[in-house]
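J.: sharing a model prediction with you, sequence too.
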Amino acid sequence: MAVLLLFFLALHFSRSISTLAQFLPAIQLRESGCGGAVVSVMDYGAAGDGRRYDTWAIQAAIDECAAMGGGRVLFPAGRDYLTATVVLRSRVVLEVEKGARILGGTREEDYPADAARWYVVLAENVTGAGITGGGEINGQGEAFVVRRDPRKNVMVSWNRTGACLGDECRPRLVGFIDSKDVRIWDITLNQTAYWW
């Protein structure tokens with residue numbers, strides 16, 4: 001009798017759930033913190049020649065992708081994308097294809113006034129963002145060497161301007177500040193001018 005009662009309860013419960021399900025919104029599973037949009041920086045005017053700055057095109061692609069609810073910003077292979085600091089948004093993943101490079105600018109004006117935010121890619125207070133694709137983010141660190149020392153490379157750069165003191169006046173590559181649910185995978189971080 002108890003088994004028969006459990007069977008009828010289970011049958012009733014499963015019917016109630018299926019009836020209830022038609023009134024509830026579908027639950028979407030997250031994909032690595034990004035939605036379905038894919039935008040290419042080339043569609044926003046990036047030159048990808050490593051000489052002209054692509055900052056505006058990259059930032060426009062990131063902002064548009066975020067406005068569409070998130071997705072991937074594509075950096076097509078075979079190109080070098082020179083940039084000043086770009087700001088990553090929530091639910092946006094940079095997809096730097098294998099054979100593509102994001103090159104950090106080497107001028108002080110390429111970075112924010114606040115030295116704590118001197119990053120090539122800066123994400124602050126974001127959720128569900130990331131970087132992937134098999135490509136490279138390159139800080140062009142060699143350009144920051146002012147003098148060499150046999151004990152170590154001494155890379156002193158922007159302290160002459162008074163923006164900071166000592167040997168710490170160089171930008172980093174990627175910064176996630178006060179952010180959560182971020183992922184960095186399948187990407188090479190190379191030639192950082194300072195610590196990561």
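T.: Good, I have the coordinates. Numbering: from 1, shown residues only.
J.: just the mean pLDDT for stretch 111-123, thanks.
T.: The pLDDT scores in stretch 111-123 average 94.
J.: distance from the chain centre to it, please.
T.: Relative to the mean C-alpha coordinate of its chain, stretch 111-123 is positioned 13 Å out (Cα atoms, centre = their mean, to the nearest Å).
J.: ok, now how distant is residue 117 from residue 67?
T.: When Cβ to Cβ, to the nearest Å is the yardstick, residue 117 and residue 67 sit 23 Å from each other. In this view, the C-beta of every residue, glycine as well, is placed from N, C-alpha and C.
J.: ok, those two, which is more surrounded?
T.: Between residue 117 and residue 67, residue 117 has the larger neighbour count (other Cβ atoms under 10 Å), namely 16 against 10.
J.: need phi/psi at the nearest residue to residue 179 once chain neighbours are set aside.
T.: Closest residue to residue 179 apart from its sequence neighbours, by Cβ to Cβ, 6 or more residues apart in numbering: residue 126 at 4.6 Å. Note on residue 126: backbone dihedrals following degrees, to the nearest 10 are phi -110, psi 160.
J.: go on, residue 41?
T.: Dihedral angles for residue 41 - degrees, to the nearest 10 - are phi -60, psi -20.
J.: which SSE is the residue lying closest to it once chain neighbours are set aside in?
T.: Nearest residue to residue 41 in three dimensions, chain neighbours excluded: residue 61, at 4.8 Å (Cβ to Cβ, 6+ apart). When elements are defined using DSSP states H and E, residue 61 is found to belong to helix 55-67.
J.: put the alpha carbons of the very next helix or strand once past that helix into PDB.
T.: Secondary structure here is assigned by DSSP H and E; on that basis, the next helix or strand after helix 55-67 toward the C-terminus is strand 71-75. Taking only C-alpha atoms (Å, rounded to 0.1, in the frame of the first residue of the first chain), the coordinates of strand 71-75 have been written out as PDB:
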ATOM      1  CA  GLY A  71      29.700  37.600 -25.700                       C
ATOM      2  CA  ARG A  72      33.100  37.400 -27.400                       C
ATOM      3  CA  VAL A  73      35.300  40.100 -28.900                       C
ATOM      4  CA  LEU A  74      37.300  38.500 -31.600                       C
ATOM      5  CA  PHE A  75      40.900  39.500 -32.600                       C
END
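J.: any stretches of the protein with poor pLDDT?
T.: Counting by pLDDT under 70, the chain contains low-confidence ranges at 1-35, 149-156, 160-163, 165-167, 196.
J.: can we see that at 90?
T.: Low-confidence segments of the chain, defined by pLDDT under 90, span residues 1-36, 114-116, 141-170, 193-196.
J.: helices of that one, start to end?
T.: For the chain, the helices identified by DSSP state H occupy 2-21, 55-67, in order along the chain.
J.: give me the neighbour count for the residue lying closest to residue 190 once chain neighbours are set aside.
T.: Counting by Cβ to Cβ, 6+ apart, residue 190 lies nearest to residue 138, which is 4.7 Å off, once chain neighbours are set aside. Taking other Cβ under 10 Å as the criterion, the count of residues near residue 138 is 21.
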